[in-house]
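> I'll drop the sequence and a predicted model, then ask my questions.
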Amino acid sequence: MARHASSSRARPSIYDVAVRAGVSHMTVSRVINGHTNIKESTREHVLRVIEELGYQPSSVARALASRQSRSVGVIVDAADHYGPKNTLLAIERAAREVGYTVAAFSLNGLGDGGIRDGIADLSSHGVDAMCMIAPRTSSLLAVTGAPLDVPTVVAGDVDDRPSMITVAVDQGHGASLVAEHLVGLGHRSILHLAGPLDWIDARARERSWRAEMQRRGLESRTLVGDWSSDFGYEVGARHPLDDVSAVFASNDQMALGLLHGLSTRGIRVPDDIAVVGYDDAPESRHLLPPLTTVRQDFDAVGKAALQAVLDAIEGRPVQARQRVLPELVVRASTVGSGSQAQRLAPARALEVEAPLESAI
């Protein structure tokens, strides 16, 4: 009686449903989890009581009944950087949509020991599967060398690990889009600001960029940066750029610093030098000029990674290598009014993102 009385003040439990329906709590659990050895009249009666009480099964109750936690562990390296952070958020959104929770462990440069600690920590939560966001070669090697006893998916552009289930944005395709855009505008002397080459995505972009330049008979000119706006600023303010007509930065942060640095020398964008970034960070459309950049669909990556995890849990076939294609967003940093690119190739038609309209 005390249990039933308290239910009016708190969220109803599986025991409240059992008392009201006149059955055991195990029968309620079997109904919730779709067991077939339940009389149809009993099933309908229990479901009617569940609706009357407004009972919602907790994840813990479902886990006890199904021996699954309905949770996914995510180990993420460099969680403060744009790509890993947004990949984690996308996986969390996708998990919520299907009633799963995410337990995350951030490495923060902890190395191999951190990977082992992370796996142990998440395993203690009884996760059904693991997802690894391993953007650097060092973290990827640590992940692949770690003992894993649950289905595991790697969110990253890993071409040289055919035995692993991987889901990622096709970084090489993104760099190819930039090459096609800039060369199509008439640019022939293009500088690439690469990200740190121990980052898998930066290396994939640089490799594809170099191949695209060679295929077109153009020189591949590269400076290796550190992802930061400060690096971009130093290039824009001090690096010799007299013979450069365009710059492709491997992320929007370096492009942001580059625009600032160029302005200190009176170099106009895009009139004197065109600039392209990568990521399509929210602020990129508000830079002066608004930045042409490559948009990564992190939501698609998150959904694909989670689906791969669920398929692996259920024993369904899983495509080992899944790639999400990025898209080029063209703005005024390459095709602004009076730009050098327009003078070089005035007849080429380009689809340009329209300026934002004021909401005031």
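It's in.

> What are the contacting residues of the helix or strand encompassing Val275?
Per DSSP states H and E: Val275 is located in strand 274-276. Residues outside strand 274-276 that contact it (C-beta atoms under 8 Å, 6 or more residues apart in numbering): 178, 181-182, 185, 187, 245-249, 255, 258-259, 262, 269, 291-294, 333-334, 339-341. Bear in mind the C-beta positions are built from the backbone N, C-alpha and C, glycine included.

> Just the C-alpha atoms of the helix or strand hosting Ala142, please, in CSV.
Using DSSP H and E, Ala142 sits in helix 137-144. The C-alpha coordinates for helix 137-144 follow below in CSV (Å, rounded to 0.1, in the frame of the first residue of the first chain):
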residue,chain,number,x,y,z
THR,A,137,47.6,8.8,-35.8
SER,A,138,48.8,8.3,-32.2
SER,A,139,45.3,7.9,-30.8
LEU,A,140,44.3,5.6,-33.7
LEU,A,141,47.2,3.3,-33.1
ALA,A,142,46.4,3.2,-29.4
VAL,A,143,42.8,2.3,-30.2
THR,A,144,43.6,-0.4,-32.6
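
> is it true that Asp230 touches Leu256?
No. Applying C-beta atoms under 8 Å as the test, Asp230 and Leu256 come out as separate, 10.2 Å apart.

> Between those two, tell me which one has more neighbours.
In terms of neighbours (other C-beta atoms under 10 Å), Leu256 is the more surrounded of Asp230 and Leu256; the figures are 23 against 14.

> quick one: contacts for the residue nearest in space to the middle of the chain?
Nearest to the mean C-alpha position of the chain, by C-alpha atoms, centre = their mean, lies Thr87 at 2.4 Å. Residues in contact with Thr87 (C-beta under 8 Å, 6+ apart) are 76, 133, 155, 298, 301-302, 305.

> swap in Val324?
Going by C-beta under 8 Å, 6+ apart, the list of residues near Val324 reads 167-170, 296-297, 300-301, 304.

> for the residues you listed, which one is nearest Ser139?
Ala168 (14.3 Å; C-beta to C-beta).

> And the helices in the stretch 151-300 of the chain, which stretches?
Along the stretch 151-300 of the chain, the stretches classed as helices by DSSP state H, counting those that start in this stretch are 171-184, 200-215, 229-238, 252-264, 298-314.

> Could you list the low-confidence segments of the stretch 201-350 of the chain?
When residues are selected by pLDDT under 70, those of the stretch 201-350 of the chain lie in 337-350.
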